[in-house]
Each structure stands twice: as structure tokens, then as C-alpha cells.
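>>> sharing a model that was predicted from the sequence below.
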Amino acid sequence: MTTYQNTPYFSVIVPVYNRVDEIRDLLESLSLQICKNFEVIIVEDGSTVTCRDVASLYEGSMYLRYFYKENEGRSIARNYGMERAVGKYFVFFDSDCVIPENYFKILGEKLQETRLDCFGGPDAAHDSFSDKQKAISYAMTSFLTTGGIRGGKVCLEKFTPRTFNMGFANKVYDKVGGFREMFSEDIDMSTRIREAGFKIGLIHDAQVYHKRRVDFAKFFRQVHVFGMSRITLKLLYPGSLKLVHTLPAIAVILGLLLVACAIFISPWFIAPIALYLIAIAVLATLSTKSLKIGLLSVPASIIQIVGYGSGFIRAYVSKIIMRRGRDINQEISMRKGK
């Protein structure tokens, strides 16, 4: 049964920049929640095409507040929302997410059991998503491509909530502060929360459907920035860089060496790459039950590894070897209008 409370238990904060169609799907899914003990705060971050009219359509089905501000980037937009939130917990979704109807019911029950201060859940591909989006989702969550960092299953590092599905208690915000406007601001925030002594955990059943990028070119740019941001995080937190974060860069270098050997020595040197890509295609096909998605997962996985790995190498050379350090102004400039 749908319930409303005078003081929401959760404050859902969503930054938006020119994403009218996406925010419509997100709000529709929130309006269908079994448990409605939440408010929704939409922060329009200087969009040229606003979602004000779309948001107004859902004001009768949930406690929703809409704010428009000048474009300063997603982190500042989230902080703007937190300053106006009233819930005990702040929950963050990306505008391209769709939320299962039992999400807040599960979240409320799990928080009562675990008493987590900061939490997150995995993402998955909804049946309605395009085959390319499903392939990209597989590439972003498969153990073969990311070490399980984003998939919420087997993982090679401590769980780190990401802002497409992340939340924390308002007392965390009071002590740690808000997001910093930088690459991988969610990892930075999670690290600061952990270092402040708060309890962080994965709520596996609290998953969201994440649409990802709709084409491979945009996907490459996204993961390239992810790779660059890992070096930024190393500069901020010297002990944060783990072996799993270096694997795409190692794969890029090793792949180039194997291709060169295949050209100049023997074509058999290409065999390890071929076997790896075949494994991705087979496992993706079995996982998604679609041969087409399985085949699309191959180029998606190549882009994931090469994009992230090349970004990592680029930033490592620039910031570590050449000692240019962290260019804060560049990061803020690149983050605006996203």
C-alpha cells in the first residue's frame, strides 16, 4: 500500500542537464514505488531544455520539489539539493536510471537490519533498453572487463558506492561535507566517508536499471575520463590505487605488444586476444540470453578496456611522470554541462 509521511525518511536528489526524456522515465518509476516515504528533489543544472513541465506532471503522485540553478556541474547540483533536503537519508540517482517499484521498500528494510551510514546498490539493464545499451551494461559490470567493481557481485576491491545508486545518512553530510566538483566525485566522496569512520556497505537487492550511453563514441569518452580520474584519486589518496585499477592499462600495453608480434613475428601471437574476446562473447550471450547482445558485448568490452586503459596511461604520464599534478580548473571545466 502506498504511504506518505509528513517528514520523508529519504530525500532523493537528482541533478539534471538537458535530459527531459530520461527524467520522465525516472519520475514515472518513482511514482510507482510501493513505499513512498521519500521526497524527490530535481536540481536543473542550467539546462537549455528544462524538465520543469515534466516534473510538474508528477507533483500529485509524490512529494517533489524542482529547482533551477546556473550550470556548475553535477557535484554542485547534488550539494544544492542536499542543502534543501529534509530526509534522514540522502539518495542519489542519475537521471538516466529507472527504479524498480520495490526499491525503497527493500532499502528501508535493509537499513533497519544493517544500520549502514552509507550504502549503494548494483545496476542492471532493463528489458526495454536497446541491445547496445545492454551490451554496454555488460561491459561495465562483467568480472572479465572491470573486475566486478561496478557489478555488485564478485569484486577485486572494497565496495564503493557510485552516484547512479548511492545514499548516506544526513549525519554523514554534516561531518564530511558535500561532493567535490571533480572526476569520479562519487569515489572521492565514498573514500572520505570511509576515512571519517562511517560504515559503508552494498545492498545487493537495491538495484536500479541504468541506461548507460546510447552509442560507442560517447561510451569511449566516458570510460576514458574514468581512467584519467583514477590517477587524480591516487594523488588525493596515495594508498587508493589497487592492482585492479591498473589492469586495463596493462591490457592495452600487452595488447599492443601482441598485435606487433603478430604482425612482425607470427600471427599466433594474436591467439590470447582472440580467446579472451571469444570468452566475452560466450559469457555475455549466456548471461543475456541473446546472441546479438553477446556479439555487441565484444566491441563494448574493447572500448571499455581501451578507453579506460588509455585514459589511465595518459593521466599517469601527464600527472605522475611529468609531474603536472591535478588540474582542478580543467576538471571543473570538463564537468560542466554534463
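Right, received. Where do you want to start?
>>> switch to C-alpha atoms for all contacts and neighbour counts from now on
Fine.
>>> which stretch of helix or strand covers M228?
helix 216-236 (DSSP states H and E).
>>> please save the CA atoms from that helix in PDB.
Only the C-alpha atoms of helix 216-236 are listed here, as PDB (Å, rounded to 0.1, in the frame of the first residue of the first chain):
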ATOM      1  CA  PHE A 216      30.000   3.700 -28.500                       C
ATOM      2  CA  ALA A 217      31.700   7.100 -29.200                       C
ATOM      3  CA  LYS A 218      30.100   8.600 -26.100                       C
ATOM      4  CA  PHE A 219      30.900   5.400 -24.100                       C
ATOM      5  CA  PHE A 220      34.600   5.700 -25.100                       C
ATOM      6  CA  ARG A 221      34.800   9.300 -23.900                       C
ATOM      7  CA  GLN A 222      33.100   8.400 -20.600                       C
ATOM      8  CA  VAL A 223      35.400   5.500 -19.700                       C
ATOM      9  CA  HIS A 224      38.500   7.400 -20.900                       C
ATOM     10  CA  VAL A 225      37.600  10.100 -18.300                       C
ATOM     11  CA  PHE A 226      37.100   7.300 -15.700                       C
ATOM     12  CA  GLY A 227      40.700   6.100 -16.400                       C
ATOM     13  CA  MET A 228      42.100   9.600 -16.100                       C
ATOM     14  CA  SER A 229      40.200  10.100 -12.800                       C
ATOM     15  CA  ARG A 230      41.900   7.100 -11.200                       C
ATOM     16  CA  ILE A 231      45.200   9.000 -11.300                       C
ATOM     17  CA  THR A 232      43.500  12.100  -9.800                       C
ATOM     18  CA  LEU A 233      42.300   9.800  -6.900                       C
ATOM     19  CA  LYS A 234      45.800   8.400  -6.500                       C
ATOM     20  CA  LEU A 235      47.100  12.000  -6.000                       C
ATOM     21  CA  LEU A 236      44.400  12.700  -3.400                       C
END
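>>> okay, buried residues for that helix please.
Buried residues in helix 216-236, counting neighbours by 16 or more other C-alpha atoms under 10 Å, are found at 216, 219-220, 222-233, 235.
>>> which stretches of the stretch 201-338 of the chain form strands?
208-210 (DSSP state E, counting those that start in this stretch).
>>> do the stretch 1-150 of the chain as well
According to DSSP E, counting those that start in this stretch, the strands that the stretch 1-150 of the chain contains are 10-16, 38-45, 63-69, 89-93, 97-98, 118-120, 123-124.
>>> want to try a markdown table for these, with mean pLDDT and distance to Y316 as columns?
Putting the strands of the stretch 1-150 of the chain into a markdown table (pLDDT from 0 to 100; distance: least, C-alpha to C-alpha, whole Å) gives the following:
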| stretch | mean pLDDT | distance to Y316 |
| --- | --- | --- |
| strand 10-16 | 97 | 30 |
| strand 38-45 | 97 | 31 |
| strand 63-69 | 97 | 35 |
| strand 89-93 | 98 | 30 |
| strand 97-98 | 94 | 32 |
| strand 118-120 | 96 | 29 |
| strand 123-124 | 86 | 29 |
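>>> JSON lines for the ones you listed, including distance to L241?
Listed next are the strands of the stretch 1-150 of the chain as JSON lines, based on distance: least, C-alpha to C-alpha, whole Å:
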{"stretch": "strand 10-16", "distance to L241": "28"}
{"stretch": "strand 38-45", "distance to L241": "32"}
{"stretch": "strand 63-69", "distance to L241": "35"}
{"stretch": "strand 89-93", "distance to L241": "25"}
{"stretch": "strand 97-98", "distance to L241": "29"}
{"stretch": "strand 118-120", "distance to L241": "21"}
{"stretch": "strand 123-124", "distance to L241": "24"}
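>>> looking at these, which is nearest to I263?
strand 123-124 (39.0 Å; C-alpha to C-alpha).
>>> list the helices and strands that closest one packs on?
Counting contacts by 3 or more C-alpha pairs under 8 Å, 6 or more residues apart in numbering; DSSP states H and E, strand 123-124 packs against strand 208-210.
>>> residues in contact with the strand it packs on?
Contacts of strand 208-210 with the rest of the structure, by C-alpha atoms under 8 Å, 6 or more residues apart in numbering, involve 96-100, 103, 121-126, 137, 164-165.
>>> how far off centre is that strand?
On the basis of C-alpha atoms, centre = their mean, to the nearest Å, strand 208-210 sits 10 Å off its chain's mean C-alpha point.
>>> could you spell out the sheet neighbours of that strand, each with its direction?
Sheet pairing of strand 208-210 (DSSP bridges) gives strand 97-98 (antiparallel), strand 123-124 (parallel).
>>> deepest of those, which one?
Most buried of those by mean neighbour count (mean count of other C-alpha atoms under 10 Å) is strand 97-98; its value is a mean of 25.
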